[in-house]
Every structure is written in C-alpha cells, then in structure tokens.
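Peer 1: Model the following, please.
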Amino acid sequence: MEFMMEYDSDETFAFIAGYTSGGAPFGITHEEMEEIERRESLEKG
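Peer 2: Now for the predicted structure:
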C-alpha cells in the first residue's frame, strides 16, 4: 500500500524534510534522489 503525501521541493532539494531555525531548507537533493531511485530499480531486477 502506497501513501501519497505532499512535500516541499525546490531547485536544489527533491524532498525538503524541514527548515533550520534560520530558514535554510534541509533534505534530499535531486542527485541523491536519483541515486536512491537507481538503486531501487536495480534491486527490483
């Protein structure tokens, strides 16, 4: 079962997990997300 969730992203981050007290975003970059998706694709066969 998959859940659809809305999340923030921008030109740097594919997934913004949150913001620092100074307002800077942190999360997973687009490059990191591509690597995660590539690995998942390889694992599936």
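Peer 1: What's the per-residue pLDDT of the residue minimising distance to the centre of the chain here?
Peer 2: Computing the C-alpha centroid of the chain and ranking residues by Cα atoms, centre = their mean puts residue 15 first, at 3.2 Å. Residue 15 carries a pLDDT value of 94.
Peer 1: just residue 2 next, same as before
Peer 2: 67.
Peer 1: next one: residue 5
Peer 2: With respect to pLDDT, residue 5 has a value of 73.
Peer 1: what's the neighbour count on it?
Peer 2: 6 (other Cβ atoms under 10 Å). Using the backbone N, CA and C atoms, a C-beta is placed for each residue, glycine as well.
Peer 1: Likewise for residue 7?
Peer 2: Neighbour tally, residue 7, other Cβ under 10 Å: 10.
Peer 1: Then residue 32?
Peer 2: Per other Cβ under 10 Å, the neighbour tally for residue 32 reads 13.
Peer 1: Restricting to C-alpha, output the helix or strand hosting it in CSV.
Peer 2: Assigning secondary structure by DSSP states H and E places residue 32 in helix 30-44. Output of helix 30-44 as CSV, limited to C-alpha atoms (Å, rounded to 0.1, in the frame of the first residue of the first chain):
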residue,chain,number,x,y,z
HIS,A,30,17.8,15.8,-6.6
GLU,A,31,21.1,13.9,-7.2
GLU,A,32,20.6,11.9,-4.0
MET,A,33,17.0,11.1,-5.1
GLU,A,34,18.2,9.9,-8.5
GLU,A,35,20.7,7.6,-6.8
ILE,A,36,18.0,6.2,-4.5
GLU,A,37,15.7,5.5,-7.4
ARG,A,38,18.5,3.9,-9.4
ARG,A,39,19.4,1.6,-6.6
GLU,A,40,15.7,0.6,-6.1
SER,A,41,15.4,-0.1,-9.8
LEU,A,42,18.4,-2.4,-9.7
GLU,A,43,17.1,-4.2,-6.7
LYS,A,44,13.8,-4.9,-8.4
